[in-house]
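>>> build me a structure from this.
(one chain, ligands or ions: 1)
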Amino acid sequence: MTITKLAAGNWKMNGSLKQLGEAKALAAAHLSPTVEVLLCPPATLLAQMAHVIQGGGVQLGGQDCHAAPKGAHTGDISASMLFDAGASFVILGHSERRADHGETSLDVADKVEAAWDSGLVAIICVGETEAQRDAGETLAVIGAQLTGSLPHGANADNTVIAYEPVWAIGTGRTPTDAQIAEVHAFLRTNAPDAGVRLLYGGSVNPGNAAAIFTIDNVDGALVGGASLKAEDFTQIVTALENS
Ligand code: PGA
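Numbers count the residues shown, from 1 in each chain. Below you'll find the predicted structure:
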């Protein structure tokens, strides 16, 4: 089975109109990439970013969506609105949303269904805290998140799974190769479809990307901080292309 690798950038709550030049430079550097390249800016930048990356090989995604298609939900954004703004992916169940907004796996599953209904690919995030790893609960936690967050009907075309250990996000710390390999092997076995792409996320940078991409069952990366600069993200995309 051929799996098209994916380098996804998550800008989180960063970025302004001025920084769209980074997206433009990334798109110009990857006019016809041999992997999929994705940027997920804050919602305020989606439509403008769609404009500046036109003609390049970069796709757009949202960072969250509401489970309902529309309605009285002040401050929220629906999956169809993301699609309308030019997105083809949406990140769901990121640990920052699970922590900051109390999102449960059941909430995430509802959002995944909404994403699919609007034609978006859902990138579902799972990952253990440091305390859970220390307690030997890593695979149990991830297994429960996976079962709870994945509605029936997930397949390689509509779903990507990202393994993001909470303790590795934004900390500069990464798991050992063996730790990543163990979780990714578990995800491969438990994914609903053998072709579902499995991303690693958490402090991926131009210096460690190539090594991470050699680990079995790692089909790409979900990158936070290092996706904000075109130069850094370009190096990560190139490392994925060469892997
Ligand atoms: P980081 O974030 O690359 O800044 O560690 C990754 C993520 O949260 O997706």
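
>>> checking the residue located most distally from the centre of the chain next. Helix, strand or coil?
Computed with C-alpha atoms, centre = their mean, the residue of the chain farthest from its C-alpha average is Ala72, at 27.6 Å. Following DSSP: H, G, I helix; E, B strand; the rest coil, Ala72 is assigned to coil.

>>> enumerate the residues of this protein near the ligand.
Within reach of the ligand by C-beta under 6 Å from any ligand atom, the chain has these residues: 10, 164, 169-170, 201-204, 222-226. The C-beta positions use only the backbone N, C-alpha and C, and glycine is treated the same way.

>>> and those residues, which two are furthest apart?
Glu164 and Ala226 (13.9 Å; C-beta to C-beta).

>>> who has more neighbours, those two?
Taking other C-beta atoms under 10 Å, Glu164 and Ala226 do not tie; Glu164 has more neighbours (25 against 20).

>>> need the per-residue pLDDT for the more buried one.
The confidence metric pLDDT takes the value 98 at Glu164.

>>> my read: it touches Cys125, true?
Yes. Between Glu164 and Cys125 there is a contact under C-beta atoms under 8 Å: 5.2 Å.

>>> mind listing the shared neighbours of the two?
94-95, 201, 222 (C-beta atoms under 8 Å, 6 or more residues apart in numbering).

>>> export the residues you listed to a markdown table and tack on secondary structure?
Listed next are the shared contacts of Glu164 and Cys125 as a markdown table, based on three-state DSSP:
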| residue | secondary structure |
| --- | --- |
| His94 | coil |
| Ser95 | helix |
| Gly201 | strand |
| Leu222 | strand |
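
>>> can you list those residues in a markdown table and add distance to Ile3 and pLDDT?
Output for these, formatted as a markdown table (distance: C-beta to C-beta, whole Å; pLDDT from 0 to 100):
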| residue | distance to Ile3 | pLDDT |
| --- | --- | --- |
| His94 | 22 | 98 |
| Ser95 | 24 | 97 |
| Gly201 | 17 | 98 |
| Leu222 | 16 | 98 |
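
>>> tell me the contacts of Ser78?
65-66, 68-70, 114, 118.

>>> can you pick the most crowded of the residues you listed?
That'd be Cys65 among those, by other C-beta under 10 Å, with 27 neighbours.

>>> that residue: what's its closest spatial neighbour, skipping adjacent residues?
Leaving out its chain neighbours, the residue that sits closest to Cys65 by C-beta to C-beta, 6 or more residues apart in numbering is Ala79, at 4.3 Å.

>>> can you give me the end-to-end span of stretch 14-32?
End-to-end distance for stretch 14-32: 27 Å, by C-alpha to C-alpha, to the nearest Å.
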